[in-house]
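[1] Fold the following, please.
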Amino acid sequence: MISRRLLTILVTLAAVLPLAIVVVVGASRLLEAMQDSAAAAVLDRISLAVGILWAIDLLCLLLAIGINAVGPPPGSSDT
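    Residues are numbered from 1 along each chain as shown. From the prediction side, this is the model:
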């Protein structure tokens with residue numbers, strides 16, 4: 001059984017990481033418009049890394065929900 005705390009963390013990350021991606025990409029585009037292509041490239045790489053973390057988080061969340069669905073209902077003993 002997956003703990004509620006872990007599920008809460010995974011759901012929170014699934015909601016927050018896309019917002020972080022949007023902010024970083026926006027800052028990257030702003031820097032690119034200001035002719036700072038080096039900093040824009042760094043922020044692009046950071047947004048790619050956050051996007052990969054988001055995909056991993058969604059997969060972990062899917063697996064955790066699946067494990068909880070297969071497990072016994074709360075309060076029942078498996079003896």
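[2] Got phi/psi on residue 71?
    phi -70, psi 170 (degrees, to the nearest 10).
[3] can you count the residues close to it?
    If you count neighbours by other Cβ atoms under 10 Å, residue 71 ends up with 12. In short, each C-beta sits where N, CA and C put it, glycine included.
[4] Burial check on the spatially closest residue to it that is not a sequence neighbour, number of neighbours?
    Nearest non-adjacent residue to residue 71, counting by Cβ to Cβ, 6 or more residues apart in numbering: residue 1, 4.8 Å away. Here the number of neighbours of residue 1 (other Cβ under 10 Å) works out to 11.
[5] now residue 40
    19.
[6] What's the separation between residue 40 and residue 66?
    Distance, residue 40 to residue 66, using Cβ to Cβ, to the nearest Å: 39 Å.
[7] do residue 7 as well
    Taking Cβ to Cβ, one finds residue 7 at 12 Å from residue 66.
[8] How about residue 49?
    26 Å.
[9] All the helices of the chain, residue numbers only.
    4-33, 37-70 (DSSP state H).
[10] Contact partners for the residue nearest in space to the middle of the chain?
    With distances taken as Cα atoms, centre = their mean, residue 54 lies nearest the centre of the chain, 2.9 Å away. Residues in contact with residue 54 (Cβ atoms under 8 Å, 6 or more residues apart in numbering) are 13-14, 17-18, 21.
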